[in-house]
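K.L.:
Have a look at this fold, sequence not included:
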Ligand SMILES: [Zn+2]
């Protein structure tokens, strides 16, 4: 819990000399529909940081008058922005899965690769064979690469353990990363990622895993405070609507908030179920139906879109971002960083895809990447805005216009990133 006196007494640092500042300031909640068009772009505006908080947003001159003793970070006529919130990653894994990209290119679909014991099952076998120290060491440079793109908050899911012990072990590695790194890390238990391969041939394999998750694992995760969220892969061929409902209700009884993977490859009604269960976000949605779109637009559930995944899978389709926003839904963006379907550690590329593939405006993409990403993690009052009282989660990019970051795609343009008042790039 922050202490207001400590923040006021902390030596101030000013971010000044920006060519442009995009604050994304406004209500501390998900922005919906037309609200996403206003990202509050200004000129000549800097930010004061004391401790882990933003304590002023004003003209450079006003900041220097108010804080004459402050040290300064020179934005060098770059873009001053909130740090990105990457609200959907699977960053704890062992080996890469190069072979599947080629398999898919020859026409073998993802669910078929998984059915043969590849896909997620190969990541599960691999993770189970690795030590906690190895998993930790593999994750650190990945998180550094995300930070190098301006990401200051990262959600990380378990879900390659798929046993009681290996799911807890994964979540404990995430907790250690959270303690060790400056970025804000939010943990999600994705034990309901798939039915473990070794249980698939058993008569009660499905039900026994679901019961173990609900009766044993969720309570243990909550007891040890290892995760904020539980996530369920609600998709035809993975978890059914009825199973998803049971898992979300079980998570709620344990004190975990819920998120869903839903309607990624087939419309299974997952988005509408998520809205009716009031989960924090439903993610993917490339196959969402008009009914699902209407349900999300009428709910508080954030629609998190993962355009890099659809690009990498080569499906030739993307989530209907335009229809979601025009219907009044709140849209967020994330990398879905994972070894099978989105080995992407560059958040700015997601911004590019949001505009070029999802047909979002640049302002909508920025709101989706900051405020709405925060809302997808129930952090809309904490991060995602350059505004007084918010966490000092700040990025400076070497471009002079907020539209230039998604435009110059493939470049590494983030000069500086701070999370919770500490440098996370460069410096990890
Ligand atoms: Zn995912």
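P.N.:
Cool, got the structure. This is a predicted model, so every value here is computed, not measured.
K.L.:
what about the strands in the stretch 101-250 of the chain?
P.N.:
Taking DSSP state E, counting those that start in this stretch as the criterion, the stretch 101-250 of the chain contains strands spanning 151-157, 184-192, 229-234.
K.L.:
Which strands or helices does the first one pack on?
P.N.:
Packing contacts for strand 151-157, counted by 3 or more Cβ pairs under 8 Å, 6 or more residues apart in numbering; DSSP states H and E, involve strand 84-86, helix 132-148, strand 184-192, helix 371-376, strand 414-419. Quick note: C-beta positions are derived from backbone N, CA and C, even for glycine.
K.L.:
Quick check: nearest residue in space to residue 414, chain neighbours excluded?
P.N.:
The shortest distance from residue 414 to any residue other than its chain neighbours is 4.2 Å, reached at residue 150 (Cβ to Cβ, 6 or more residues apart in numbering).
K.L.:
Quickly note the distance from that neighbour to residue 86.
P.N.:
Between residue 150 and residue 86 the distance is 10 Å, computed by Cβ to Cβ, to the nearest Å.
K.L.:
Distance of residue 118 relative to residue 98?
P.N.:
The value you get for residue 118 to residue 98, if Cβ to Cβ is used, is 12 Å.
K.L.:
wait, what's in contact with the residue nearest the centre of the chain?
P.N.:
The residue lying closest to the centre of the chain (Cα atoms, centre = their mean) is residue 87, at 1.3 Å. Contact partners of residue 87, counting by Cβ atoms under 8 Å, 6 or more residues apart in numbering, are 153, 155, 186, 281, 304, 332, 334, 373-374, 376-377.
K.L.:
Can you redo the residues you listed as CSV, where the extra columns are pLDDT?
P.N.:
Conversion of these to CSV gives the following (pLDDT from 0 to 100):
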residue, pLDDT
153, 98
155, 99
186, 98
281, 98
304, 98
332, 99
334, 98
373, 98
374, 99
376, 98
377, 98
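K.L.:
out of those, which one sits closest to residue 399?
P.N.:
Using Cβ to Cβ, the shortest approach to residue 399 within the contacts of residue 87 belongs to residue 373, at 20.1 Å.
K.L.:
show me the contacts for the closest one.
P.N.:
By Cβ under 8 Å, 6+ apart, the residues touching residue 373 are 84-87, 153, 304, 332-334, 384.
K.L.:
would you turn the residues you listed into TSV with distance to residue 271?
P.N.:
Output for those, formatted as TSV (distance: Cβ to Cβ, whole Å):
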residue	distance to residue 271
84	24
85	21
86	21
87	16
153	24
304	11
332	14
333	16
334	16
384	23
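K.L.:
what's the closest of those residues to residue 32?
P.N.:
Ranked by distance to residue 32 (Cβ to Cβ), the contacts of residue 373 are led by residue 332 at 11.4 Å.
K.L.:
beta partners for that closest one?
P.N.:
Here residue 332 sits in beta bridges with residue 304, going by DSSP bridges.
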